[in-house]
Each structure stands twice: as structure tokens, then as C-alpha cells.
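Undergrad: Would you be able to build a 3D model of this:
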Amino acid sequence: TVFFDDFSGKALDRTKWNVEITGHTTNNEQQAYVDSAATVYITRGAEAKGASNGALVIQPRYAPGYKTPQGNSFDFISGRINTRDKAEFLYGEMSARIRITNGAGLWPAWWMLGNGGWPEKGEIDIMEFIGEGDWASAAIHGPGYSGETPFVNRLYFPKNNDITQWHIYTLDWTPDSLVFKYDNTVMFRVTRPMAEHYGKWAYDNAEFLVLNFA
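TA: The predicted structure follows:
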């Protein structure tokens, strides 16, 4: 194990995580990311609901008319954290145990980005939830296969174990493949030859972790 956080401290460990502040937004997202205990905080006990040591909470909030430092207006604020320059990885297994609130318009994600231009340095979306509680999805974005990527797949959950329950979302990354597992079940696999049918394999450089709630 080369990186671990069970969020058992009193606050987010800033030696491991950066808290992002909105400069610009993408994908028509409706929130501004802020560095605030209102949107990124640690909880435990009953509120953690199944996290024995502690839980990181990323909490979107309604904040009509919020102004960013650039003067842009948003009606929502939320949180986005990453490990850029603090913990970056090339190959291995990355796992996070996550429970998500269900609801239309929500877009939380657990993903990875390479340093440099997008999509040339690769984006790996280990888990995305887009407002439908019975499934989550995984995807990759690289040169020649970004945006509406051909590489995306979803896993449907059993009715009694939907997105609002704890699940372990995992990426197993080797020099020639990306294997996505939900609760240790393989739900998607992308290999180097598959990607190179569309463009360059973008997953031979280190990437950092990202958690956000759009």
C-alpha cells in the first residue's frame, strides 16, 4: 500500500489532498467549487452510516448568487479534491469505498487525471453517477477517444443495493490494460490494442486522484 486515507482525523489531511477552487467549469456544471468546511468535511458516528473510522463528506449546497473570485455567478457550491503533486500513480490498484445520495442533476465522480494537456495525458473515470440510482459507470478519455467516448460501460445494481449503499469502486491498471471492478466484480476492461484502434494509448504516465461532486 503506497497511499491510504480512512478519513479518521478531525479534518481533511492537506498533506495528501488539495482542495480545488473554481476558476472555470466544464460540461455545463452548475456549481462553483469552494474551499469550505460547508462542502468538504470529515464526519463519524451515525452521520457516517457505515464508515467505522470516519467518512469524507463532499456536500453540494444551494447558494443562490454565489460569486467566484473571477466574478462568475453560480447558484450552487460544492467540493472537489485531488492529490496532484502529493500522490501520483503509474500502475497498480486504486480503490475507494463510496456511498452516494440519489437524485436527478447530481454528478459525483471518482477519477484520475494525468498532468498536462487533456485528453493527451489520459482521464480514467473509475466511477461516475449521473442521477439514476440503479447504476454507476466507468469510462476513459484519450486522444481520439474523448468526450462521447466509445469506452464507457455501466453496472446495474440490485434493487436492494443501489447507489445509496456503500460500494467499493476499483481500478486495476497495468501497462497494457485498465480493468474496472465494482465490489470486486469486473464490470469493464479496456486494453491497449482497443484504445489504439482510435488513437494513442494515454496511460503510460502518472496520474493523480480526484473526488468531486458536480
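
Undergrad: ok, D5 - contacts?
TA: Shown in contact with D5 (Cβ atoms under 8 Å, 6 or more residues apart in numbering): 13, 16-17, 56. (Each C-beta comes from the backbone N, C-alpha and C, glycine too.)

Undergrad: Show me the two of these that sit farthest apart.
TA: Across the contacts of D5, no pair lies farther apart than K16 and L56, at 11.0 Å, counting by Cβ to Cβ.

Undergrad: List phi and psi for the residue lying closest to L178 once chain neighbours are set aside.
TA: Using Cβ to Cβ, 6 or more residues apart in numbering and skipping residues adjacent in sequence, the residue nearest L178 is V190, 4.8 Å away. Per-residue torsions, V190: phi -120, psi 130 (degrees, to the nearest 10).

Undergrad: Could you double-check that V190 lies in contact with H141?
TA: No - between V190 and H141 there is no contact under Cβ atoms under 8 Å: 11.1 Å.

Undergrad: out of the two, which sits in the busier spot?
TA: Legend: neighbour count by other Cβ atoms under 10 Å for V190 and H141, higher for V190 (24 against 21).

Undergrad: wait, what's in contact with the more buried one?
TA: 140, 151, 177-178.

Undergrad: ok, those vs E132, which is closest?
TA: F151 (20.0 Å).

Undergrad: residues near the closest one, how many?
TA: 19.

Undergrad: who's the closest residue to it other than its chain neighbours bridged to?
TA: Spatial nearest neighbour of F151, excluding adjacent residues (Cβ to Cβ, 6+ apart): I140 at 4.7 Å. Going by DSSP bridges, I140 is paired in beta bridges with I124.

Undergrad: Distance-wise, check I140 relative to V210.
TA: Per Cβ to Cβ, to the nearest Å, I140 is found 14 Å from V210.

Undergrad: now do D6
TA: 19 Å.

Undergrad: Give the residue from these two that has the larger number of neighbours.
TA: For D6 versus V210, the count of surrounding residues by other Cβ under 10 Å is larger for V210: 21 against 12.

Undergrad: Check the secondary structure at the most centrally placed residue in the chain for me.
TA: When Cα atoms, centre = their mean is applied to the chain, the residue found nearest the centroid is W110 (1.7 Å). Judged by DSSP: H, G, I helix; E, B strand; the rest coil, the three-state class of W110 is strand.

Undergrad: Hmm, S95 and it touching each other?
TA: No - assessed by Cβ under 8 Å, W110 is found out of contact with S95, at 9.5 Å.

Undergrad: Common neighbours of these two, please.
TA: Y169.
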